[in-house]
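[1] Build me a model:
(2 chains)
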Amino acid sequence: MSRPSFPPGGARPPRLAEALLGRCLLPGLGRDALLGDMEEAFRRRALMDGRVVATRWYWAQALRLGVQHLWERGIGRRIWQRRIGTPHGSRKRGESIISTLLQDLRYGLRSLRKNPGFGAVIILTLSLGIGANTAIFSVVNTVLLRPLPYDEPDRVVQIWGSNERRGVLRWGTSLHDFEDWRAQSETFSEIAVYWSGQTNIAGPEQPQRITYSQVSPGLFTVLGVAPAMGRTFSESENLPGNDGVVVVSEPFWRTAMGADADAIGTSLTLEGRPVTVVGVMPAGFYFPGRGIQLWKPFGMRPDDSGTRGGRWVGSVGRLAPGQTIETAQAEMAVIAAGLGEAYPEHNEGMGVFLEPRLTNVVRGSRPMILIMWGVVSLILLIVCANVASLLLARATVRNAEMAIRASLGASRGRLVRQLLGESLAFSVLGGLGGLGLAVFGTAFLRGASGTGIARVTEITVDGWVLAYAAGLSLLTGVIFGVVPAFKTSTFDLSKQLRDGGRARGGGQRGLREALVGAELALSVIVLIGAGLLVRSFWSLQRVDIGFETEGLLTARLSPSWTEYPEREQALVLYSEILERLASLPGATAAVAINDLPLVGGNRWGTTYLKEGEDETPVSERPRLMFRTATAGYFEAMHIPLISGRYLTDRDGAESPRVVVISETAASRDWEGESPLGKRISFLPPEHPAYALYTIVGVVGDVSDNSLQATPNALIYTSFPQAQWGHFQDWGMSLVVRTQGDALSLVEPMRQAIRDADPNLPLFAVQTLDQRLSGTLSSARFNLLLIAALGLVALVLAGVGVYGVMSYMVGQRTHEIGIRVALGAGHGEVVGMVVSRGMALALIGVGVGVAGALALHRVMTNVLFGVSTTDPATFAGVTMLLIGIAFLACFVPARRAAGVDPAVCLRNE
Amino acid sequence: MIIETNSVHEDSGVSEGYLGEFEQMVLLAILRLGDEAYGIRIMEELNHRVGREVSRGAMYITLDRLESKGLLASRQGEPTAERGGRAKRLVEVTPEGISALSKSRTALRKLWKGIAPVLDGPQ
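    Numbering: from 1, shown residues only, chains lettered A, B, ... in the order given. Prediction:
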């Protein structure tokens, strides 16, 4: 029905409420008239009482009207009329089950209105439980379950080079191996390789640093994604000289290119070289990571990229129709074995390992997400126990009501259904509240990007999450409702009526106590999990990283090959820059290294040969991480010298070649002997650049990758003597040691670099303290999350115990009154109540500890520096919960002891 | 302990062809309003005349029921801006409605006869 438009003006009713109400009504004049009436009334109210009151009023009215209308529509006039005059509580023949269910739901809502405090506590508790669950499920759903944005993403497979002899399952591959795989494999319809790095792109004023990926042209076929504009690469563009083309990401096109509709064919300048934009990928596409801004072809033949042993590219493939990952794995194993025979030097023992691309993307985040899911599930169980226990308490009070209903002819089954209807009403409202919490929760989780959780920015509440929340609400409604429902509907009718409803409900006490025990046990499990993570975080912070971060300012620099084609030119540039930096006021030293500690990547690995052991096949040569540093690096970083000497200015390009190794390298490869004076080489003797390096020093280990990882074996060469590792995409990290505030030197540092070369972009400027804190951010986030969940569990358990204890005391007021009248002292009464509660608490905590011992093994992989059976954590949590339980018992006990026997007996 | 009593909109009073109390009040309010009778005005009229706060849902459901019994007729009114451009559902009492009202009034009158002094009580 088309509606004439009117000029806007005045307050409008809340749109969501209006839409909801509209959905509840049948279309037609009736609906329009009602909505019109509502709006009219809303406007009047807004004029009189203000907008806030009017909005609140509108919501209340809309919800009531909506439910009423749904109700009318659901059961129809006939049944409604038939019900008139029959006593509530018996289902007549011919009434549909749905109509009774709706009736029970409505009845549940109505009884909720009568006792709003009770209802509010239950609904809040449920909202908390369902909200936490739904929020974490939205993570599970988005990160672990949602397909990647590719065509038939199940067929996209990550292809790793593996090396069983070294125990390496996931490693890169070489361009040589890739070409052979691609030529020989029939189980893959296409295989592609990629390598991601950073590059300088000319900006309007200063060059910018962007993240890009070099890819083989088949990548877009593997992923099955076509560009939104233009085209992707042809095979010929992967050859040297033809590779001046790029495909850009949608965000890059929008921000850097101003969403230019004629972007195709425009020119960009990468590393001082012009390239042509040939395509723009669609929004939402990313590969391999989200930050990639453009893709360009490798533009090299395999032989230009180094040896077959240089396994520096990642690989993905698309399974051919009808093929599975298992058939592909079998085929690739045969191909790899063939390559091992054909190229024993580099490929002997090299295998292939396949896994779905999605598995690879989420591998790092999976354990923690599943643990969080487990934790929120436990919390939901605590919530159910809590609510069931509250309902049981009320059940006692309602015994008389049930008795009257039964005497009017309601069957037991009918009573159970009615009570279940009430719990469903609670759980539906709790579910709605939970959904609201989950929406906030997911916003919070999305804000946690940068903590290393894969796909975290994609987290949304979608249809699956809604369905999950709905299912969970119904399930919890049944779980917490079913036992109280049966308990409440079980009674001795004549006795109840005789008692006049002053029920004692003694038989339910055992059940409620069992529920509280279960709650405590579950809380112990959650809190021990939280405690272990706290301890783990604490150990992480206390890790000896092997160097001092304080007062160190770092930045990264990468002069381009085009401007500094010769090594000597680059060396001159770096020494000029370091001189300028060292002379800045406040700076005490300036050094450079190809990779700083804590960068979080196994970059620059190399094998080496001890002098005289040239026959060792490549796959069995010891492997370490290659560093090249300027003189003074160790001193500036405060890395301790174990033996020998540091690198100095005298280790220049023309001097005898020297290296310094880390403690781990020394103890691993020179067990029981001194490495000092020993000579090694990185290349085989027949290589033209073969050279021997003498080990002149052993230095302390540093945390190279992350705080968790055991330190890598490192080898440091002197920068002027290094044969590779500091140009182009690699670049060098500058380190300036300062006195006082390191950040105050950021601008002078930029200026010094500009003075040396105005076209050099400086990036990743940060203090080492910041970098360290960044590596802790993921652990810190996990900690925050689980600490919050632990707190929720603690509060719920405390409230649960308190509720049961004060209820128990309430039930026993009469008895306590008599005891006091007969001369029982204050202490005796308190002792009686507390001992009962504490017995319960001890059993619950004991069961929880046993459960934690059994369950927390799953946490082994996410903990650092603390065992899953850490006695301190177990003891601490046990004491904490016993303490809470004691408080929760003590308060009602004191109240009980204060009972005035006269008052209490008179009330009877 | 109170057993749930039927709330306002449930006392349909269709038995024996007599109108329920609420239905009578709604019909009377509509008659009083004349040409300008629609949901919100009827509620205001009831509130104003007898001080009765009516639940909105009960109101609309009663209107639907009266219309389906043929005691009311409704037509579409002019849309106005303050209603978000939506038309009013204007209602009027049909001849059947009038006779149902009058039947109920006669019945009540007969029953009330002679009772007033008891209710009025001592002044």
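[2] Find the residue closest to A:Arg165 in space, skipping its chain neighbours.
    Here the nearest residue to A:Arg165 in space, its sequence neighbours aside, is A:Gly349; by CB to CB, 6 or more residues apart in numbering or on different chains that works out to 4.7 Å. Placement of C-beta: from N, CA and C, glycine included.
[3] who are the neighbours in contact with the one you found?
    By CB atoms under 8 Å, 6 or more residues apart in numbering or on different chains, the contact set of A:Gly349 is A:Asn163, A:Glu164, A:Arg165, A:Gly340, A:Ser619.
[4] And the pLDDT at the last one?
    Looking at A:Ser619, its pLDDT reads 67.
[5] For residue 92, give me the pLDDT.
    Defaulting to chain A. Reported pLDDT for A:Lys92: 46.
[6] wait, chain B
    88.
[7] hang on, the earlier thing: where's the residue nearest to A:Arg165 relative to chain B, distance?
    75 Å (CB to the nearest CB, to the nearest Å).
[8] Check what pLDDT that residue gets.
    At A:Gly349, pLDDT is 82.
[9] Count the neighbours of the closest residue to A:Ala709 other than its chain neighbours for me.
    The shortest distance from A:Ala709 to any residue other than its chain neighbours is 7.3 Å, reached at A:Ser703 (CB to CB, 6+ apart). Neighbour count for A:Ser703, taken as other CB atoms under 10 Å in any protein chain shown: 20.
[10] Touching, A:Ser703 and A:Gly546? I think so.
    Yes - with contact defined as CB atoms under 8 Å, A:Ser703 reaches A:Gly546; the gap is 6.1 Å.
[11] list residues touching both of these two?
    With CB under 8 Å, 6+ apart, A:Ser703 and A:Gly546 have common neighbours A:Pro597, A:Pro711.
[12] who's in contact with A:Asp151?
    Going by CB under 8 Å, 6+ apart, A:Asp151 touches A:Leu223, A:Gly224, A:Val225.
[13] related to what we said a few turns ago, what is the nearest of the contacts of A:Gly349 to A:Ser773?
    Closest approach to A:Ser773 among those (CB to CB): A:Asn163, at 34.9 Å.
[14] thought the closest one was touching A:Arg170?
    No - the pair A:Asn163 and A:Arg170 does not pass the contact test of CB under 8 Å, sitting 10.1 Å apart.
[15] and these two? which has more neighbours close in?
    Between A:Asn163 and A:Arg170, counting by other CB under 10 Å, A:Asn163 is the more crowded of the two (19 against 13).
[16] show me what contacts that one?
    With CB under 8 Å, 6+ apart, A:Asn163 has these contacts: A:Trp171, A:Gly349, A:Met350, A:Gly351, A:Ser619.
[17] just A:Leu128 next, same as before
    A:Leu128 neighbours (CB under 8 Å, 6+ apart): A:Ile379, A:Val383, A:Gly434, A:Leu437, A:Val792, A:Leu796.
[18] Spatially, what comes nearest to A:Pro484 if we skip its sequence neighbours?
    A:Leu391 (3.9 Å).
[19] where's the one you found, which helix or strand?
    According to DSSP states H and E, A:Leu391 maps onto helix A:366-397.
[20] Show me what that helix packs onto, helices and strands only.
    Counting contacts by 3 or more CB pairs under 8 Å, 6 or more residues apart in numbering or on different chains; DSSP states H and E, helix A:366-397 packs against helix A:116-139, helix A:412-446, helix A:463-488, helix A:509-541, helix A:777-811.
[21] Kindly reformat those helices as a markdown table containing distance to B:Trp112 and mean pLDDT.
    Below are those laid out as a markdown table (distance: least, CB to CB, whole Å; pLDDT from 0 to 100):
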| stretch | distance to B:Trp112 | mean pLDDT |
| --- | --- | --- |
| helix A:116-139 | 40 | 86 |
| helix A:412-446 | 40 | 84 |
| helix A:463-488 | 46 | 82 |
| helix A:509-541 | 56 | 85 |
| helix A:777-811 | 51 | 80 |
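[22] Ok, which of those helices comes nearest A:Trp59?
    Proximity to A:Trp59, assessed across the helices and strands packed on helix A:366-397 by CB to CB, is greatest for helix A:412-446 (12.4 Å).
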